[in-house]
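Colleague: Kindly generate the corresponding structure for this input.
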Amino acid sequence: MRFPSLIVALSSTLLIVQAHPGHDIKHEIEQRAKALGNSPRDVSHCSAKLKARGHEDRTINRRSALLKAEREKRGLNMNPSFIKARDMNARLEDRDAATVLNTNHASSVIYTPQTDTDIIFAGNQSCILVPEVTEGPYYVSGEFIRSDLRETDHEQGVDLILDIQVIDVSTCEPVPDIMIDFWYANSTGVYSGVVAGGNGNSADASNINTTHSRGLQPTDADGVAQFTAFYPGHYTGRTHHIHVATHANGTILSNNTFAGTTVSHIGQLFFDQALSTQVEATAPYSSNTQSLTTNAQDGIFAQAAAVGDPVVEYSLLSADVKDGIFAWIAFGIDTSRQEAIQAAVVYGENGGVANPNGGGSGPGGPPSGFPTRTRTSSVAAAT
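Modeller: Model (predicted):
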């Protein structure tokens, strides 16, 4: 494995970059390297089994129908040629960080309304294992179970419709009835639910009660969950990304929130730099005054790309990125694992309550205790 040399290079680079005062990027990279050492490189071996059992056909039909519905909902052309797909010619096992950065996920292939949907949407052939990662300092537990995370009455951005499929790496079967936890920074690089130095206005105590850009969805029989979100914003030290975690156990409360901090997987999803550049040129992203970190400058991206390709495939809903983006990805998890994570804040019926041992911090400095994961007993793999 080549992670030690990677860490040296990334650490020296990131020491120059001042990240969120409450977000120790260097420590997160070190924690992440340890987890990556135990991760399989990919689960591309699952592709034939998924196809043989009909999962691929259902994936193609589902994604095609969703794309059509989202265009129809917005009154857009139903048969445009705006499909942007991953370059399927490059073998996943040949990828490294440099290869991923130089791969144009908006393929040069021109897709037309006559292009077979099995060419466009058969993205499970690479079936990426999004590598393990620490939860970061802005994880909130107790969030709402919902598919639409936007809260459009007070948040704005470019619509992102994301189709996620979860695959068991040991059985090559989709994982049903598992909760996908989803959180990201808004268009100006601020996480909801956490009051911390560097996370927006740290004097605004009301942010602890905000819930935008967070939520959970259970996977269906095909291991699929779909989210409607806004494209994430950047913040100092980090490129555009979305956090994902999977919960096999937990409790659904009467107010439709989810209680549980035991996960079988934590990872991050990324986007083509060219796509992020397009989005950044639109309002309100263009008002973000935080220093821009590109994929090439992001240490977490480099680690993820060293063992796979964590960049989503996507299609613009029209010629104008402001009309929205449809994206899709499949990733593998080890269902036999259970990890306990710490939340910076716990959201309850009376709003958010800061966890003194969690990942966030008050104004003026790095967190006194960065969240760590503690291995607990394993459970039987779902099949």
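Colleague: isn't Trp328 right up against Val312?
Modeller: Yes. Counting by CB atoms under 8 Å, Trp328 touches Val312, with 6.6 Å between them. For glycine as for every other residue, the C-beta is placed from the backbone atoms N, C-alpha and C.
Colleague: Now for the two: what residues contact both?
Modeller: Jointly contacting Trp328 and Val312 under the rule CB atoms under 8 Å, 6 or more residues apart in numbering are Leu162.
Colleague: quick one: the strands in the stretch 251-383 of the chain?
Modeller: Along the stretch 251-383 of the chain, the stretches classed as strands by DSSP state E, counting those that start in this stretch are 251-252, 258-259, 262-263, 265-270, 313-316, 325-333, 339-340, 345-348, 351-354, 374-375.
Colleague: and Arg146, which of those is closest to it?
Modeller: Nearest to Arg146, of all those, is strand 258-259, at 10.3 Å by CB to CB.
Colleague: can you give me the strands for the stretch 51-200 of the chain?
Modeller: Using DSSP E, counting those that start in this stretch, strands in the stretch 51-200 of the chain cover 83-84, 140-141, 159-168, 179-183.
Colleague: Compute the inter-axis angle for the last one and strand 159-168.
Modeller: Read that as strand 179-183. Interaxial angle of strand 179-183 relative to strand 159-168 (axes from the mean of the first three to the mean of the last three CA atoms, to 10 degrees): 140 degrees.
Colleague: Show me what strand 179-183 is in contact with.
Modeller: Residues outside strand 179-183 that contact it (CB under 8 Å, 6+ apart) are 138-140, 143, 145, 149, 164, 166, 191, 213-219, 225, 227, 229, 242-248, 250, 258, 260, 263.
Colleague: tilt between that strand and strand 265-270?
Modeller: Strand 179-183 runs at 50 degrees relative to strand 265-270, counting by the same axes, to 10 degrees.
Colleague: Now the longest helix along the chain: average pLDDT?
Modeller: Identified as the longest helix of the chain according to DSSP state H is helix 55-73. Mean pLDDT, helix 55-73: 73.
Colleague: helices or strands up against that helix?
Modeller: Judged by 3 or more CB pairs under 8 Å, 6 or more residues apart in numbering; DSSP states H and E, helix 55-73 is in contact with helix 47-52, helix 117-121, strand 159-168, strand 224-230, strand 325-333.
Colleague: tell me the contacts of Gln278?
Modeller: Residues near Gln278 by CB under 8 Å, 6+ apart: Val321.
Colleague: Repeat the analysis, applying 10 Å as the threshold.
Modeller: 106, 158, 231, 272, 285, 316, 320-322, 325 (CB atoms under 10 Å, 6 or more residues apart in numbering).
Colleague: got it, and Asn249?
Modeller: Neighbouring residues of Asn249 by CB under 10 Å, 6+ apart: 178-179, 260-264, 338, 379.
Colleague: one more time with 7 Å
Modeller: By CB atoms under 7 Å, 6 or more residues apart in numbering, the contact list for Asn249 reads 260, 262.
Colleague: Same question for Tyr347.
Modeller: Contacts of Tyr347 by CB under 7 Å, 6+ apart are 140, 142-143, 193, 211, 257.
Colleague: Who wins on neighbours among these?
Modeller: If you count neighbours using other CB atoms under 10 Å, the busiest of the contacts of Tyr347 is Gly193, which has 29 neighbours.
Colleague: Please tell me how far that residue sits from Asn61.
Modeller: When distance is defined by CB to CB, to the nearest Å, Gly193 is 36 Å away from Asn61.
Colleague: again, but for Glu155
Modeller: Noted for Glu155: a distance of 32 Å to Asn61, by CB to CB.
Colleague: now Lys68
Modeller: Applying CB to CB, the value for Lys68 to Asn61 is 11 Å.
Colleague: hang on, the earlier thing: for Val353, which of the strands of the stretch 51-200 of the chain is the nearest?
Modeller: strand 140-141 (10.2 Å).
Colleague: Does Val263 touch Glu339 like I think?
Modeller: Yes. Counting by CB atoms under 7 Å, Val263 does reach Glu339; the two are 5.3 Å apart.
Colleague: So what sits opposite Leu316 in the bridge?
Modeller: According to DSSP bridges, the partner residues bridging Leu316 are Ile325.
Colleague: follow-up on the earlier one: out of the contacts of Tyr347, which two sit at the greatest distance?
Modeller: Maximum pairwise distance among the contacts of Tyr347 (CB to CB): 12.1 Å, between Gly193 and Thr257.
Colleague: that older thread, deepest in the core, which of the helices and strands packed on helix 55-73 is it.
Modeller: strand 325-333 (a mean of 25; mean count of other CB atoms under 10 Å).
Colleague: quick one: low-confidence parts of the stretch 1-150 of the chain?
Modeller: 1-45, 47-57, 77-100, 102-134 (pLDDT under 70).
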